[in-house]
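Participant: Prediction below, plus the sequence it came from.
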Amino acid sequence: NAGVMQNPRHLVRRRGQEARLRCSPMKGHSHVYWYRQLPEEGLKFMVYLQKENIIDESGMPKERFSAEFPKEGPSILRIQQVVRGDSAAYFCASSPTGSGIYEQYFGPGTRLTVT
Amino acid sequence: AQSVTQLDSHVSVSEGTPVLLRCNYSSSYSPSLFWYVQHPNKGLQLLLKYTSAATLVKGINGFEAEFKKSETSFHLTKPSAHMSDAAEYFCVVRGGNNDMRFGAGTRLTVKP
């Protein structure tokens, strides 16, 4: 059973470009979470999705950031018009349900560098 | 609101000596608590979790943690450190919306 997969692992974008980060949850998991880790900091929650639904996006910046988890295919975190401050590691996690007894399984992360 | 505070940003131990990484939590109800480890440029790996069963939780690689409600603590321990334990450790509490709320992390250095 493959774990959570994220691609690309490393992404370099110039200021003003768009960044698309992909996350495939573990098989059988229908809940996906995105987190951002700035250098020397812990992970900060961004958004929680189920298939075709955004459950909680309280951690998402109001502008330029969006996320989706379509019925088919991976979850996508999209950052439009990237700025240097978006440089960070972005982690995706999945769980089988939203129940609090389940831990979240994390992917290896996508390291975004904005030049 | 649920939150965790890791009391040490950096801990340094010698190989073979005990490890103690401290974490205090704040929660308005019985919390679900986790410890994750992150090796350099790697993803996060779950070490152990507490979900209101036994207060002493055993995890992988010889780590364990004890939930102490009276002290609102969930400290991570290991009797004998190995070089391979050098990493960043995160104490995490599950939030009300199922999000995971991370502490700032403790960097563990293991000296030979």
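Facilitator: Thanks, I have it.

Participant: which ones are touching the most centrally placed residue in chain A?
Facilitator: Geometric centre of chain A, nearest residue: A:Trp34, 3.5 Å, by Cα atoms, centre = their mean. Residues in contact with A:Trp34, defined by Cβ atoms under 8 Å, 6 or more residues apart in numbering or on different chains, are A:Cys23, A:Phe45, A:Met46, A:Val47, A:Leu49, A:Ala67, A:Ser75, A:Leu77, A:Tyr90, A:Phe91, A:Cys92, A:Ala93. Backbone N, C-alpha and C define where each C-beta goes, glycine included.

Participant: Out of these, which comes closest to chain B?
Facilitator: A:Phe45 (4.0 Å; Cβ to the nearest Cβ).

Participant: residues near that closest one, how many?
Facilitator: Residues contacting A:Phe45 under the criterion other Cβ atoms under 10 Å in any protein chain shown number 22.

Participant: coming back round to it: how about the residue nearest to the centre of chain A, nearest residue that isn't a chain neighbour?
Facilitator: In space, and not counting its chain neighbours, A:Trp34 is closest to A:Met46: 4.4 Å by Cβ to Cβ, 6 or more residues apart in numbering or on different chains.

Participant: quick check, that neighbour in a strand?
Facilitator: Yes: A:Met46 sits within a strand when classified using DSSP: H, G, I helix; E, B strand; the rest coil.

Participant: State the number of residues packed around it.
Facilitator: A:Met46: 22 surrounding residues under other Cβ under 10 Å.

Participant: Could you double-check that it sits in contact with A:Tyr35?
Facilitator: Yes: assessed by Cβ atoms under 8 Å, A:Met46 is found in contact with A:Tyr35 at 6.0 Å.

Participant: Direction included, what does the one helix or strand the residue nearest to the centre of chain A maps to pair against?
Facilitator: Assigned by DSSP states H and E, A:Trp34 belongs to strand A:31-37. Counting by DSSP bridges, the strands paired with strand A:31-37 are strand A:43-50 (antiparallel), strand A:88-95 (antiparallel).

Participant: Could you pull out the buried residues of the first one?
Facilitator: Neighbour counts using 16 or more other Cβ atoms under 10 Å in any protein chain shown place A:Leu43, A:Phe45, A:Met46, A:Val47, A:Tyr48, A:Leu49 of strand A:43-50 among the buried residues.

Participant: Alongside chain A, which residues does chain B contribute?
Facilitator: B:32, B:34, B:36, B:41-46, B:49, B:51, B:90, B:94-95, B:97-105 (Cβ under 8 Å from any Cβ of the partner chain).

Participant: what about burial for those, which qualify?
Facilitator: Buried among the residues of chain B next to chain A by 16+ other Cβ under 10 Å: B:32, B:34, B:36, B:43-44, B:46, B:49, B:51, B:90, B:94-95, B:98-103, B:105.
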